[in-house]
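Undergrad: A structural model of the following input is requested.
(3 chains)
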Amino acid sequence: MNYHWDWGVLFRSPYFVWILSGFGLTCLISVLAWGIALVVGSVVGVCRTLENRAARAMGTMYVELFRNIPLLVQLFLWFYVVPEVLPIAWGRYLTRGLPYAPFWTTVVGLGLYTAARVAEQVRSGIGAIPRGQREAALAVGFSLPQVYRYVLLPVGYRTIIPSLTSDFLGVFKNSSLALTLGVLELTATTRQIEDYTFQAFEPFTAATVLYALVTFTAMGVMRVLEGRGRIAGTLAIGGR
Amino acid sequence: MIEFSHVSKWYGTNQVLKECSLTIGKGEVVVICGPSGSGKSTLIRCINGLEPFQKGDVRVEGVSVAARGTNLGRLRTRIGMVFQAFELFPHMSVLRNIMLPQMKILGRGQTEAEAKATQLLARMGLSLHGAKYPAQLSGGQQQRVAIARALAMDPQAILFDEPTSALDPEMITEVLDVMVALAQEGMTMAVVTHEMGFASKVADRIVFMDAGVILEDTPKDTFFTAPRTERAQQFLSKILQH
Amino acid sequence: MFGNFDTQVLIKNHALLLNGMLISLELTAIAAVFGMVIGCVLAFMRLSRLLVVAWIATAYVNLLRSVPLILVIFWFYMLVPKVVGHPTGAFTSVMIAFVLFEAAYYCEIVRAGIAGIRRGQAQAGLALGFRPTQVMRYVILPQAIRTMVPVLLSQVIVMFQDTSLVYIVGVRDFLTAAEVVADTNNRPLELYTTVAVVFLAICLTASLLVARLRPRTAR
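TA: Just a heads-up that it's a prediction; the model follows:
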């Protein structure tokens, strides 16, 4: 396999800056999408745990809809189909007026897609809490929102820290799909460097290392959070 | 038949067994009791090599458990074990639970294994349950099947690790009755339990442990009437209040 | 909203779309079968007593699970021709990428399945006198497989959705075929909606079927 190695290409300008900006975009997309995912996902997840049948049904429909369509197809829907389907003025804004449309499309699409997974985690986290906790809280006199706020959600979230971490890493990896819409995130940048310099190994390795580093860091953060969040006497949290 | 010589075991920095020495003779029934965490379960698990230990020696019929050349598989066929959580294999029927070890370990043929299994089930009063799966049986029934499974291997001795602790009170008697019958037939038994009624009926000796140390090792009558150590006295008074 | 839906474009190009779907299914099937085989091998490597073997498998699995599938596809798209010595076509590279990527995920599912069996079961098996390999064969694996199958099948459904990513290297799967038709006829609405509905129908049905396989929690 003859290949001309040139690790220096990573550090020459403008490639070095490209990698940095690509990584920065990846991080930005991930953080914004994760924010949406957490908020929307928590709402949907809570809906699925309510007594109200309609709420549960809507929650289930959301989850099944966003879980069974590939993320790439969802992005295409947001980018190409939604502007056509909306009232004309809105559609025109989305395709022509909105700055950085591919970026925002990815953020929203990725966020709502991941929200479905977060919803599932929240649902199982709350579901794992013994029924008696909810009943005891209601008996004391808490209103339902208060029951969720003071009893169910604090405990529920702690249990699902590992799964939420893995979902966040999923968001981070899925941000790479933005390249199909033209966003120059990390993976796109390495491809671009390959196009310009014919050096493929070095930029790909750089991207691999960066993704692996983020995963590693996230796992470390998760362990710290788990340790801090441990509640004595609950087997569900970090217990063996 | 079973000999402990100065056995010590550590979990990391925590010493769970401290210089334990004990002998169990053939045909003897030894009850091991003590507070939680005293090392009782760990002690009997050293006999069939389920728990390794760092110092001392355990010998079964003269064979050293921890020695490198020892065939642990063969040793384990001579020592049966009954667990607190029954540990029947849930994916097999009751009959198969009892037959499979005979066939795959002892090399018995299917007819022979089945005959033995049926005979043991009859002895336990469970003849009608052979085709059922463990989840369909009550706890007491499952534990009796577990004892049958151990007996099917024709062991020289049986270890019991808190066999009735996971049972509803009404089912404890049926299991203890089986164990009493076994003792009266002359089986060598090492039983970790809180059931002092059982102990007073069939035990030859009582061993009391606390914090990894064997504090008492006396004949049954002496233990109940005049335990030497204060710790044992405390323990007895609390237990016998029920 | 959907007033102007042009069904004609779908009917005229149905052959192209069906072909694309066949490619997607083919890719899924190959990746599932080979991925599972390699995944099982990796799982047993991770459980091995030989530290080197366990370490290699662990490193592989952790690495592949921390990078995006898109990057893996690009890696193999670039690497396979170089290693083989001559151009190999996108489909081959992509297939290898999928197999090796999914193997890491299958490994973890198998490993979790085996580790999920209570320790007492293994101890009971050993106490009877079974050798460790016999314990695995008669006690652990039969139980582990029962819990693993629904999760493995769910992963196949996930993989079916992942095949849409071959778009980036131009392999004519279902989505790419739809994109081609959408571009040539300027009908993105009709095509992408169809793609979404088809995926929804297939994946939803499949997950409902898999859900029926989940073992009822006895005990």
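Undergrad: centre of the chain versus the helix or strand containing A:Ser21, how much separation?
TA: Using DSSP states H and E, A:Ser21 maps to helix A:15-47. From the chain centre to the centre of helix A:15-47 is a distance of 6 Å (Cα atoms, centre = their mean, to the nearest Å).
Undergrad: grab the longest helix from chain C for me.
TA: helix C:14-46 (DSSP state H).
Undergrad: helix or strand right after that helix?
TA: Criterion used, DSSP H and E; the element after helix C:14-46 is helix C:51-66.
Undergrad: just to revisit the earlier point, show me which positions of the helix holding A:Ser21 end up buried.
TA: A:15, A:18-19, A:22-23, A:25-27, A:29-30, A:32-34, A:36-38, A:40-42, A:44-47 (16 or more other Cβ atoms under 10 Å in any protein chain shown). Just so you know, the C-beta spots here come from the backbone N, C-alpha and C atoms, and that holds for glycine as well.
Undergrad: now C:Pro132. Nearest residue, chain neighbours left out?
TA: Spatial nearest neighbour of C:Pro132, excluding adjacent residues (Cβ to Cβ, 6 or more residues apart in numbering or on different chains): C:Leu126 at 7.3 Å.
Undergrad: up against chain B, what does chain C have?
TA: C:118, C:120-121, C:123-131, C:134, C:138-139, C:142-143, C:146, C:218-219 (Cβ under 8 Å from any Cβ of the partner chain).
Undergrad: can you pull the contacts of the residue nearest the centre of chain C?
TA: Nearest to the mean C-alpha position of chain C, counting by Cα atoms, centre = their mean, stands C:Met159 at 3.5 Å. Applying Cβ atoms under 8 Å, 6 or more residues apart in numbering or on different chains to C:Met159 gives the contacts C:Thr28, C:Ala31, C:Ala32, C:Gly35, C:Phe98, C:Glu102.
Undergrad: which of those residues are close to chain A?
TA: Within the contacts of C:Met159, nothing lies near chain A by Cβ under 8 Å from any Cβ.
Undergrad: ok, so of those, who is nearest chain B?
TA: Nearest to chain B, judged by Cβ to the nearest Cβ, of those is C:Ala32 at 25.0 Å.
Undergrad: where's that closest one relative to chain A, distance?
TA: Distance, C:Ala32 to chain A, by Cβ to the nearest Cβ, to the nearest Å: 16 Å.
Undergrad: contact partners for that residue?
TA: C:Glu102, C:Val156, C:Met159.
Undergrad: model confidence score at it, please.
TA: Taken from the predicted model, the pLDDT recorded for C:Ala32 is 94.
Undergrad: same question, the one 10 residues further on
TA: The score at C:Leu42 is 94. That number is its pLDDT.
Undergrad: find the nearest non-adjacent residue to it, please.
TA: C:Cys107 (3.8 Å).
Undergrad: for chain A, which segments count as helices?
TA: A:15-47, A:53-67, A:71-76, A:82-85, A:88-92, A:101-127, A:131-140, A:144-147, A:153-159, A:161-174, A:186-197, A:201-229.
Undergrad: any stretches of chain B with poor pLDDT?
TA: For chain B, the stretches with pLDDT under 70 are B:241-242.
Undergrad: please repeat the previous calculation with a cut-off of 50.
TA: Chain B contains no residues with pLDDT under 50.
Undergrad: for the residue nearest the centre of it, which residues are in contact?
TA: Nearest to the mean C-alpha position of chain B, by Cα atoms, centre = their mean, lies B:Phe160 at 1.7 Å. For B:Phe160, the contacting residues are B:Met81, B:Val82, B:Met179, B:Met189, B:Ala190, B:Val191, B:Val192, B:Thr193, by Cβ under 8 Å, 6+ apart.
Undergrad: returning to that earlier point: between the helices of chain A, which gets nearest to B:Glu114?
TA: B:Glu114 lies closest to helix A:101-127 among the helices of chain A, at 44.1 Å (Cβ to Cβ).
Undergrad: check which helices and strands that closest one sits against.
TA: Counting contacts by 3 or more Cβ pairs under 8 Å, 6 or more residues apart in numbering or on different chains; DSSP states H and E, helix A:101-127 packs against helix A:15-47, helix A:53-67, helix A:71-76, helix A:153-159, helix A:161-174.
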